[in-house]
Structure formats: structure tokens, C-alpha cells
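Trainee: The sequence isn't on hand, but the structure is:
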């Protein structure tokens, strides 16, 4: 599958000395990683080659408090306000469609691409954000780039790229009841390591993947980068087509039929070779939680913090305030974050609400629920999910990246344990000194009720 | 981009593995709209205490690190976020080359695009460099050679195109713009 998408987009083939020129079908952009690229274009007098293939949103440094988004209360951080303003200026000057702060279509860049139906099988998709791998759930080749490369795509709609290798992740059997896509991807990262995918495009395959919804597949592909992979892909199938058929910008009518025919040819041929492969048994998994300072430091919720003599490992445990041998389920929780491009979609909010319904947050626990997009927010409110969260004592916010990386002021205090549905548990990721435990929305909600890491199957099975 | 031909400098070593870009430049500093000025925030949470004072035990704060332009880092440096600000922060601080056994993909690409040399060495050379911080080494981009203090020459991998761009200070946008006709042909064909 990867080869087919790659070959379709080669403008100039690679040689021993030069990388390939690869055409990009969709360029998603946001406020944080574009300003310097526009400055470069402006200084060289270059216009955008394909504004029609470019979309801008604001998500990373934007506030999530309703009064700041809609009430005219200024963005608290001056530099963030300037960055948001700069995106408005750049989009207007260069003719890029922008979903501004108050736009009803705004959201996290990796949530809105699929929602709109712009993310499609067989496309090449880039964004100045590492979690661009999310879009691979549709059988697109999607990867994160830096700001210089953002400039390359703005100016030429192309990138210079070396062809990556392929890595099959064969997920055997089906996930047991109460075990989620988040648990599976954390287990995969734990197995292959945080640099196990470096230089590769991962292809997730097998019965557990085929049985997943698009939301679940996006959770899987989203964290491919956490294994170091260039991208992650899942073959498009009837589930993919059904999702896209309901989106506003997918092809319509005869164009839709032609697209489905084209997309149906993308899956890897039977017996297609991969440069590397690994098998993982989905049936053997339980909910997973990280205990360290990278996503590969992950353990079953029923297990203990492992031991290691490695100095880096010890430093990570010291940062986390945990000791080897301690039960994962004994780790206290002060803060709960449900949201992000990993787990901020409607089904994620439903799953958290299903656990939380009729319960209250444990004493002293703070919980923030941040929908991945304004569209997710409206849909959740139409189902009354906001009322479930509010009744439990959680905060219900406007969409954005929020506490996943704390750029907008949504921060976890130093020393606090934060169980988070996001993607990175690096030191200081959610705030200086914050201690992040990555988990599924279900595990986050169950832990919110008990005030310590809690197996959600106590509530759901 | 300025040409990078040779780098001769003492090293500074950060042996931790998996140094992520959130450590190199924490997210709260990313609201800038410029490429300049990130150096003072490089490794901010490792470098400064709660009061904002330099931690004397952090490698980059030690007197012997002053003027070092080569960082020797543990395996898989630059993992995580795609923020190019990580490369800008290292360069602004004065680092011109990073030596490790493995680099995260996006960080490696971002580094090369800015003239920050990501230099991959074998395990034993790496272990020696980590065990001997502060030694003076030299890097020659033309011959893709790292020369250790005892004169040992260690070859490092560097793709021809990247080497050409570094040696001549060429940024790739000019090359891509020169492909405009081929891009137009592709666009017309795939319409």
C-alpha cells in the first residue's frame, strides 16, 4: 500500500545522490509552525503554489475557556495572541482558507481533516506537526514536517524525500472487551520501542485493526510517531468509505464512485513484502498505562512498575516519583485530561462519559474535558455528554490541543499526577514538573472517580 | 543558510537516551513568530532551577562547556514533536553539530535544513566520546570524517545531496523551485 501511494506522487524519481521530489495533495497548517515559513516566502517574493490544497486552523496556542474564545476576553498569553493574529494576516495575504478562533469548523488540525472529508485514501498529507501520522488511518501517506519543509510545500506543493522502508505490525486476534485502541498502540510502542519505527512507515494489519472504527484507527496511527515511525497506515475498506461518505468535502456522485474504485485498489497485495514485521496478540492485552517519561515506558494496569539498573530509567522514575515494584494501580491521580488528537473524538468522549455517568470526581481531583473540534463539541452536547462531565465535577471546554502540551496555559501543576488521554508523557510536557500517565479515555475516567489509577473494566465489564 | 565545511571544537556530552524535542525547547517557548532567540531557552527545564538560575551541575552550564560547538548525545535524540525550534535553539546557543548513534527522523531533517550537522557514529566511538567529554575533535564535511584527538578518522554517513547543500550553503527551496516545470507536468497529468 505504501509503495502504491508513494509511486503515485513521485514528480522526479530519487537517485543515489538526490532525493525524490514528492507531490503533496493536502497541506494542513496551524499557527505555531507556519509564521517563519511565511516570513521566508515574503522575503523571497514567492506566492503559494496551491492555496486550494492548503487549509489553516488554530489549535495549539488557542484558549479553551468559552469566555476567551467567544466572549471577547483577550488571549492571556500575549505572544500566543500575536501568533494567532499572525496566522490571520498570513492566511489573508496568501489566500489560504482559515478556520479562525470563532469558526464553527475549527478544531485540532488532525481532527478536522478527517471530519471534513479532506483526509482521503491514497493522498499524501503533511503538516508541521508530528501527529500528522493520524491521517494514515485512511490509507493516506501522512507525516509531520518542520517549518522549513512547510515553506517548501507552500512554495512548490512538493517535498524532497527519501523513500522510507516498510514495517508490518500484524495484530493477531481481537481485543478483549474493555481493552481499547489506545491500549493496543501503547502495547505496540512498548514492544518495538520509541525508536523501533525510525526510518519506517508502519502498516497496522490484522483482525483487530479491521474490526476497528475510524476513530479507533486514528488513535492507532496517531501514535506511530511515538515509535519513531515516519508514518503509520491502515488499508482503506468499507469502514473507511462509510465514514467518508458522510463528510462534507469527500467526492460526491459519479466522482465518489470513481474514488471508491480507486481507493479499493490501494490495500497491499496478498503476499506483499515488508522490510520488517512484528506480531502482537491483541487477545492477550489488558488496559495499559505509562509510568515513565516516554511512551515506551508502559505497563499493564494490572502490573507493577518494572525494575532496571539503567541511569536514564532511574532518572525517569525519580521524576515520576515512583519506585520499581510499585503496583500501577496504586499510583495516585490529581489531574485528568480527556482530549487531544489521540483521543479527542466523539467516541472517546462517549467512552469516558459511559464510565463517569452517575459518578463524582474523587476529592481533590481536577478533570478537564476538551473536545477535539467544535464539531465534536456540538455533537457531544447534542447527546448530553457535557452534562455527564459537568455533573461529575469536570470542566467542559472549547476545542484545541490544550493540556496535551500546555501551550495555551492549560497546565498541570508541578508534582501532580495527570492521567491523560494524550500522546506524550515527556518531562514537563503538560507543565513544568507535571507527571503524566498516558491511558485511554475509559481508564482516565475510572481513575478520576477513584483518585488513583483504576482499571476501567471495574465499571464497564 | 551559511556553508558548513569544517567544525573544530571541544565537545559537550548529554548521555541521556531519547532526548525529546520538548526537553530541547519546551512548548511554552513556541509562541514566537521568529527563528531567533531560542538559545536562552535551550534545555530550559534541565538548565535552570525553579527560580530561573542556572543549575551548576547541568552539563551545558559547566565552565568547560563554554565555547563547545559539538554536542554528543545519547541514542535517539530529537524524538517527539516536529518543532524545528529545537534545531534553531541548538544553533542559536552555538551548537553546530550533534553526534549520536541514532537520530529521530524529523529532527534529523530539520537539522540538515538549517546547517546543524546530525552526525551518526558507531557504538564504540560514541561510548568513547561520552566517556571523554570536552575533548577537541574535528569534523570535515567534504570527506565525511570525524577526527578524534588521537588522529583516528571515523567516517560518518551523509547523503550526497545533503553534503552538497551543506558545503555550498544551498537551501533546498531553490532546488525545488527549479523543478517547477516537472511539478506542472505532474499537476496536469494527475488532474
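Mentor: Nice, I can see it. None of these values were measured; they are calculated from a predicted model. Numbers count the residues shown, from 1 in each chain, chains lettered A, B, ... in the order given.
Trainee: need the longest helix for the chain.
Mentor: If you meant another chain, say so; for now it's chain A. For chain A, the longest helix by residue count, based on DSSP state H, is helix A:78-94.
Trainee: other chain: chain B
Mentor: In chain B, assigned by DSSP H, the helix with the most residues is helix B:180-190.
Trainee: Which of the residues in that helix are classified as buried?
Mentor: Within helix B:180-190, the residues scored as buried using 16 or more other C-beta atoms under 10 Å in any protein chain shown are B:183, B:186. Bear in mind the C-beta positions are built from the backbone N, C-alpha and C, glycine included.
Trainee: how far is that helix from where the chain is centred?
Mentor: With C-alpha atoms, centre = their mean, to the nearest Å as the basis, helix B:180-190 stands 34 Å off its chain's centre.
Trainee: which bits of the stretch 301-450 of chain A sit near chain B?
Mentor: A:312, A:315, A:405, A:406, A:407, A:424, A:426, A:427, A:428, A:429, A:432 (C-beta under 8 Å from any C-beta of the partner chain).
Trainee: Could you look up the SS state of the fifth one?
Mentor: If I follow you right, that is residue A:407. For residue A:407, the assignment made with DSSP: H, G, I helix; E, B strand; the rest coil gives coil.
Trainee: if we can go back for a sec, redo the residues of the stretch 301-450 of chain A next to chain B as a markdown table? Include neighbour count and pLDDT.
Mentor: What follows is those, written out as a markdown table (neighbours: other C-beta atoms under 10 Å in any protein chain shown; pLDDT from 0 to 100):
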| residue | neighbour count | pLDDT |
| --- | --- | --- |
| A:312 | 17 | 92 |
| A:315 | 14 | 95 |
| A:405 | 28 | 94 |
| A:406 | 21 | 92 |
| A:407 | 26 | 90 |
| A:424 | 28 | 97 |
| A:426 | 26 | 97 |
| A:427 | 22 | 97 |
| A:428 | 26 | 96 |
| A:429 | 28 | 96 |
| A:432 | 18 | 94 |
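Trainee: out of these, who's nearest residue B:32?
Mentor: In terms of C-beta to C-beta, no member of these lies closer to residue B:32 than residue A:407, at 11.6 Å.
Trainee: who's in contact with the closest one?
Mentor: A:32, A:60, A:61, A:80, A:401, B:27, B:28, B:30, B:31 (C-beta atoms under 8 Å, 6 or more residues apart in numbering or on different chains).
Trainee: how about the helix or strand harbouring residue A:201, does it reach chain B?
Mentor: Assigned by DSSP states H and E, residue A:201 falls within strand A:200-205. No - counting by C-beta under 8 Å from any C-beta, chain B is not contacted by strand A:200-205; separation bottoms out at 9.4 Å.
Trainee: So what touches that strand?
Mentor: Against strand A:200-205 from outside (C-beta under 8 Å, 6+ apart): A:1-2, A:141, A:164-171, A:217, A:220-221, A:224, A:227, A:229-235, A:268, A:274-276.
Trainee: Next to chain B, which bits of the stretch 151-300 of chain A? Give me the list.
Mentor: Within the stretch 151-300 of chain A, the residues that sit near chain B (C-beta under 8 Å from any C-beta) are A:151-152, A:155-160, A:162, A:194-195, A:198-199, A:225, A:228, A:230, A:294, A:296.
Trainee: where are the low-confidence patches of the chain?
Mentor: Reading this off chain A. Where chain A drops to pLDDT under 70, the residues are A:461.
Trainee: actually chain B
Mentor: Scanning chain B for pLDDT under 70 picks out B:191.
Trainee: For the longest helix of chain A, which helices and strands make contact with it?
Mentor: Packing partners of helix A:78-94 (3 or more C-beta pairs under 8 Å, 6 or more residues apart in numbering or on different chains; DSSP states H and E): helix A:35-44, strand A:54-57, strand A:97-99.
Trainee: List the buried residues for the last one?
Mentor: Applying a neighbour-count criterion of 16+ other C-beta under 10 Å, the buried positions in strand A:97-99 are A:98, A:99.
Trainee: quick check, the helix or strand that it is followed by touching chain B?
Mentor: Note on strand A:97-99: by DSSP H and E, the next helix or strand toward the C-terminus is helix A:109-116. No - Helix A:109-116 stays clear of chain B (C-beta under 8 Å from any C-beta), getting no nearer than 12.1 Å.
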